[in-house]
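> How does the following fold in three dimensions:
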Amino acid sequence: MDMMQKLTILADSAKYDVACTSSGVDRQGKAGSIGSASAPGICHAFSADGRCVSLLKVLMTNVCAYDCAYCVNRSSNDVPRAVFTPGELAELTIQFYRRNYIEGLFLSSAVLVNPDYTTERMIQTLELLRGHYRFRGYIHAKAIPGADPLLIQRLGLLADRMSVNIELPSAQSLGLLAPDKGKQAILAPMKQIALGQKQNKQELALYKSTPRFAPAGQSTQMIVGASPESDRQILKLTEGLYRKYELRRVFFSAYIPVAADARLPALNTEPPLLREHRLYQADWLLRYYHFQADEILDEENPNFDPCLDPKCNWAIHHLDKFPVDVNRAEPERLLRVPGIGPRSAKRIATARRAGALGLAELKRIGVVLKRAQYFITCKGFTGASGGGSRHRIAAALLDPRVFSAQGEQLSLFAAPLAKQLAGAGAAPELAAAAAREEAVKCIASRM
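Got it, this is the predicted structure:
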């Protein structure tokens, strides 16, 4: 099998792994070396199927000793298999870099033989890149759960960012769908990486020449829709991972049916893209808006509203918290207002020192007044909620992506009712409009 055949197979097998969105590390070029890394991000490349990716995203191998039901590379699946040698993959990465195709490497792998053997091959690859080729570009390496801690340590000294996939939201689902994996085997390297980073920071404070351990932090990935957990369970787990292991990012991956299995959704089940989207929005609220998971979802409402983003959904359930006076409220309260984000909240806090702000000033600052007007007061404006009907407020808060339709196609995030009407023969635009009208009535009745 030649290199191109291997690359075709192993790049395609890696498409379900979620890459990081930015490098998170600065490393300048150096005489005699090749490459550099910039914290805000790296240049993009396009994969064979047209997706825009930041890195050469590839598996070391898709030959796997495990038989995870949800994975296309499981041992029982009849798919083409390939294995890169460390030398082949290192040479391929450098050649792609020199041609300006990529600016870094995202390296993962199926479990070849056992976790230790697989990790050793990954380390050999990175040692060739960092040592023989003097590559200073960005490298993201996926740690293999169950590998020896010493190997995890060596891998972290070669990679910029590491990640350990938590796979599924509960130990029960993991035991059912991935019996070869265990919760503790996954959490142990997460803990090791978090502790290793803390120790490395202390060492760097004393000795600047100390080798850096995973300087861009760690992340994880969770499959959504392959198991029955609620959105609240997933969000609570996400919050716990951020707090306990100081993750840079939790990625969510909508489950795409790849196997006929009674334990999994049917093959004709659509990937839950809207659910994935809502989880990312809620993740943003946890990290940048100072929300708690229990504020976003509770036991009575354990799943996201498909028609409203999580912040707007919180707002209509807490109307007693509004209106907010933008000229007096603390930044934390401003962040709770639909239509005001972290950047706008900072600008408001800065601008109001020079004088009271009105609607015109808020619009220039970047506040989305279409939504915010129902939840704020400001100079010359006492709030639109008193004069606006509940239907008007509900219509302003609806997520437009859920009810959009272009020509003969609904949005990827289309509401369930819109899909149902379109499936019954209604034109996509009419289906979206009817679903939107029904959603406005439903939301207004809850206010």
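> Is the residue minimising distance to the centre of the chain in a helix, a strand, or coil?
Geometric centre of the chain, nearest residue: Phe251, 3.0 Å, by Cα atoms, centre = their mean. Classification of Phe251 using DSSP: H, G, I helix; E, B strand; the rest coil returns strand.
> before we move on, which element is Gln192 in?
helix 183-206 (DSSP states H and E).
> ok, back up a step: please name the residues that touch the closest residue to the residue nearest to the centre of the chain other than its chain neighbours.
With Cβ to Cβ, 6 or more residues apart in numbering as the criterion, Phe251 has its nearest non-adjacent residue at 4.0 Å, and that residue is Val18. Quick note: C-beta positions are derived from backbone N, CA and C, even for glycine. Val18 sits next to Gln221, Phe251, Phe252, Ser253 when contact means Cβ atoms under 8 Å, 6 or more residues apart in numbering.
> Show me which residues of the helix holding Gln192 are buried.
Using 16 or more other Cβ atoms under 10 Å as the test for burial, helix 183-206 gives 183, 185-190, 192-194, 196-197, 200.
> can you check stretch 331-344 too?
Arg333, Leu334, Leu335, Arg336, Val337, Pro338, Gly339, Ile340, Gly341, Ser344.
> what does stretch 432-447 give?
Ala432, Ala433, Ala434, Ala435, Arg436, Ala439, Val440, Ile443, Ala444.
> what's the closest non-adjacent residue to Phe333?
Heads up, residue 333 is Arg, not Phe. Using Cβ to Cβ, 6+ apart and skipping residues adjacent in sequence, the residue nearest Arg333 is Val324, 5.4 Å away.
> Confidence-wise, which helix or strand of this structure is lowest on average?
Lowest on mean pLDDT, DSSP states H and E among the helices and strands of the chain sits strand 45-46, with a mean of 46.
> about what we covered before: which is the succeeding secondary structure element to the helix holding Gln192?
strand 218-224.
> which residues sit in contact with the spatially most distant residue from the centre of the chain?
The C-alpha centroid of the chain is most remote from Gly380, which lies 40.8 Å away (Cα atoms, centre = their mean). Residues near Gly380 by Cβ under 8 Å, 6+ apart: Gly358, Leu359.
> Give me the distance between it and Ala171.
56 Å (Cβ to Cβ, to the nearest Å).
> Check the burial of Thr8 by counting its neighbours.
Thr8: 15 surrounding residues under other Cβ atoms under 10 Å.
> What does it show for phi and psi?
Thr8 adopts backbone torsions of phi -60, psi -50, taken as degrees, to the nearest 10.
> Renumber starting at 23 from here on
New numbering, starting at 23: the last item is Thr30.
> ok, it to Pro102 distance?
Thr30 is 9 Å from Pro102, by Cβ to Cβ.
> Could you do Ala454 as well?
Ala454 is 40 Å from Pro102, by Cβ to Cβ.
> residues of stretch 332-352 that come out buried?
Neighbour-count burial for stretch 332-352 flags 332-338, 344-346, 348-349, 351 (criterion: 16+ other Cβ under 10 Å).
> Arg423: which of the contacts of Val40 is nearest?
Phe274 (16.8 Å; Cβ to Cβ).
> Tell me if I'm right that the closest one and Tyr302 touch.
Yes - contact criterion Cβ atoms under 8 Å: Phe274 and Tyr302 qualify, at 6.2 Å.
> Which of those two has more residues huddled nearby?
For Phe274 versus Tyr302, neighbours defined as other Cβ under 10 Å are more numerous around Phe274 (22 against 13).
> Please name the residues that touch that one.
Contacts of Phe274 (Cβ under 8 Å, 6+ apart): Val40, Gln243, Met244, Val246, Ile256, Glu298, Leu301, Tyr302, Asp305.
> next one: Met469
Ile338, Leu341, Arg412, Ile415, Ala416.
> Greatest separation within these: which pair is it?
That would be Leu341 and Ala416, which, of the contacts of Met469, are the farthest apart (Cβ to Cβ) at 12.2 Å.
> can you tell me which helix or strand Ile161 belongs to?
Assigned by DSSP H and E, Ile161 falls in strand 160-164.
> Any regions of this structure where pLDDT drops low?
41-51, 57-76, 407-410, 428-432, 434 (pLDDT under 70).
> Which of the contacts of Met469 fall in helices?
Using DSSP state H, the subset of the contacts of Met469 located in helices is Ile338, Arg412, Ile415, Ala416.
> Now do the SS call for the closest residue to Arg300 other than its chain neighbours.
In this structure, Arg300 finds its nearest non-sequential neighbour in Phe326, 4.0 Å apart by Cβ to Cβ, 6+ apart. With three-state DSSP as the basis, Phe326 sits in coil.
> Please apply the same query to the one 3 residues further on.
When classified by three-state DSSP, Cys329 comes out as coil.
> gap between it and Arg458?
In terms of Cβ to Cβ, Cys329 sits 8 Å off from Arg458.
> Spit out the residues that contact these two alike.
By Cβ under 8 Å, 6+ apart, the residues touching both Cys329 and Arg458 are Leu420, Phe425, Ala437.
> Show the buried residues in these.
Those of the shared contacts of Cys329 and Arg458 that meet the buried threshold are Leu420, Phe425, Ala437, by 16+ other Cβ under 10 Å.
> which residues sit in contact with the last one?
Spelled out, it's Ala437. Applying Cβ under 8 Å, 6+ apart to Ala437 gives the contacts Leu296, Pro328, Cys329, Val424, Phe425, Ala454, Ala457, Arg458, Ala461.
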